[in-house]
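Colleague: Task: produce atomic coordinates for the following.
(chains A and B)
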Amino acid sequence: MVDPRVSIIDERMRDIRKVIAVSSGKGGVGKSLIASILGLTLAKKGYKVGLFDLDFTSPSTHIILGIEGVQPKEDKGIIPPKVHGLEYMSIVYYSRDQATPLRGADVSNALIELLSITKWGKLDFLVLDMPPGIGDATLDLIRLIKKAEFLIVTTPSQLAFETVKKLASLLNGLRVPIVGVIENMKMNQSETIRQQTQKLGLTYLSGIPYDPNIEKTIGKTNRLLDTRFAKKVEQIVPSL
Amino acid sequence: MHEWALAEAVIAAAAEAAEKERLKGITEVQIKVGELQQVELDILEFALSQLKTDKFKNAKFKIATAKAELQCRVCGHKWVFNKETLDKDAAEAIHFVPEVAHTYIKCPKCGSPDFEIIEGRGVWLESIKGAK
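Modeller: Model prediction:
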């Protein structure tokens, strides 16, 4: 028996120029916020952009972007709705934002299903908000989307950076491209993470200062793009 | 209508399998469809007939259905999925992404959402036959 869905994923990704997987070793480092703002920023610059929330058990990009009351269209597959200039896909369309407890095999199955039925069409960028760690979603993504490049998010914490080392080691071992590392929630001018990133042979893309006001902009896309946080994210666009 | 997307996947997978087996033409494609996904078989069959390439011109698509059997990981209870126990929106959501069954279905015995879909999740390519 063969799972036929896997055979159509390359075709679904065919017209997407770049797939950027925003990932991390640990949770709580700001991946979803960076993925959402990166998507909005690229769309504002005139690129055709998709944003796909792959954190199936804890999706949050719809909250960051204030997305509600929209559903994908059906046309020989699923067509993601365009919201704030982004073609936006999330499991919340189907879970109705209720708790969806999934084990690893279920995460894989849901990922394969959505990759095989979602028709993105032509995109310059597909930004993926990944779940943390090197579990099922990350392994499946590496297996199924050959053109995926990883953008790794960390905090100044050594605990977070230790997991970056593991993620980077996995990706390097599998020859998966790494765009670079973003250090989020910087509290001071320390160069430690920059130096350690460079020691790993990776590009240090940006250090984003901790912004206590960012919480107030959640759900309000115009205000999100006006933050210092968003200005910092914008600076990494030329590196993509 | 996302049966079309699934039919495209079946055609692509069958063509890949035929390539591997070095078959010149495919005469039969056996497909298994699990009831959890509530695939409309008429639409799937029609989509397959419209999507088939030259390699499939003499192919018969045989579709078998399988009951969706679920087993609770907490108490071990086994049961069969019944669409009629769900409201329309929940049934439709499971149609698109069967894993959201864990949102809408609980073990009828102990109430846990931690169950395994033992059989009958979605669409599988069972086998192909053809001439070398």
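Colleague: from here on, contacts and neighbour counts on C-alpha atoms
Modeller: Fine.
Colleague: show me where pLDDT drops low in the chain?
Modeller: Because you didn't say which chain, this covers chain A. Confidence mapping of chain A against pLDDT under 70 gives zero matching residues.
Colleague: not quite, I wanted chain B
Modeller: Applying pLDDT under 70 to chain B flags the ranges B:1.
Colleague: Which positions in it make contact with chain A?
Modeller: Proximity of chain B to chain A (Cα under 8 Å from any Cα of the partner chain) is limited to residues B:1-6, B:8-10, B:12-14, B:16, B:90, B:93-94, B:96-100, B:102-103, B:113-114, B:123-127.
Colleague: Strands - which of these land there?
Modeller: For the residues of chain B next to chain A, membership in strands holds for B:123, B:124, B:125, B:126, B:127, with DSSP state E as the criterion.
Colleague: for chain B, what spans make up the helices?
Modeller: B:3-20, B:41-51, B:88-96, B:101-104 (DSSP state H).
Colleague: in the second one, what counts as buried?
Modeller: Going back to what we said before, that points to helix B:41-51. Neighbour counts using 16 or more other Cα atoms under 10 Å in any protein chain shown place B:44, B:45, B:47, B:48, B:49, B:51 of helix B:41-51 among the buried residues.
Colleague: and the angle from that helix to helix B:3-20?
Modeller: Here helix B:41-51 runs at an angle of 50 degrees relative to helix B:3-20 (axes from the mean of the first three to the mean of the last three Cα atoms, to 10 degrees).
Colleague: and helix B:41-51, what does it pack onto?
Modeller: helix B:3-20 (3 or more Cα pairs under 8 Å, 6 or more residues apart in numbering or on different chains; DSSP states H and E).
Colleague: just checking, what packs against the helix it packs on?
Modeller: Other helices and strands packing on helix B:3-20, by 3+ Cα pairs under 8 Å, 6+ apart, are helix A:104-117, strand B:25-34, helix B:41-51, strand B:123-131.
Colleague: if you set the cut-off to 6 Å instead, what comes out?
Modeller: Packing partners of helix B:3-20 (3 or more Cα pairs under 6 Å, 6 or more residues apart in numbering or on different chains; DSSP states H and E): helix B:41-51.
Colleague: ok, now which ones touch residue 27?
Modeller: No chain was given, so I picked chain A. Taking Cα atoms under 6 Å, 6 or more residues apart in numbering or on different chains as the contact definition, residue A:27 lies against residue A:132.
Colleague: wait, I meant chain B there
Modeller: The contact partners of residue B:27, by Cα under 6 Å, 6+ apart, come to B:58, B:59, B:129, B:130.
Colleague: which residue sits closest to residue A:116, ignoring its sequence neighbours?
Modeller: Leaving out its chain neighbours, the residue that sits closest to residue A:116 by Cα to Cα, 6 or more residues apart in numbering or on different chains is residue A:9, at 5.1 Å.
Colleague: secondary structure element for the one you found?
Modeller: Element membership for residue A:9 (DSSP states H and E) is helix A:9-13.
Colleague: What of residue A:165?
Modeller: Secondary structure here is read from DSSP H and E; on that basis residue A:165 sits in helix A:158-173.
Colleague: How about the residues of chain A by chain B?
Modeller: Counting by Cα under 6 Å from any Cα of the partner chain, chain A comes close to chain B at A:1-5, A:7-8, A:76-77, A:94-95, A:100, A:106, A:110, A:117.
Colleague: Got a quick ChimeraX command for the buried subset of these?
Modeller: Here is the ChimeraX command that selects the buried residues among the residues of chain A next to chain B (16+ other Cα under 10 Å):
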select /A:2,4,5,7,8,76,77,94,95,100,106,110,117
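Colleague: Helix, strand or coil: sort out residue A:127 for me.
Modeller: Here residue A:127 takes the strand state, with states given by DSSP: H, G, I helix; E, B strand; the rest coil.
Colleague: Next up, the contacts around it.
Modeller: By Cα under 6 Å, 6+ apart, the residues touching residue A:127 are A:20, A:51.
Colleague: Let's see that with 10 Å instead.
Modeller: Counting by Cα atoms under 10 Å, 6 or more residues apart in numbering or on different chains, residue A:127 touches A:18-22, A:35-36, A:38-39, A:42, A:49-53, A:86, A:88, A:148-151.
Colleague: now swap in residue A:90 and tell me
Modeller: For residue A:90, the residues meeting the contact criterion (Cα under 10 Å, 6+ apart) are A:51-56, A:59-62, A:71-72, A:80, A:97, A:114, A:129.
Colleague: go again using 6 Å as the cut-off
Modeller: The contact partners of residue A:90, taken as Cα under 6 Å, 6+ apart, are A:52, A:53.
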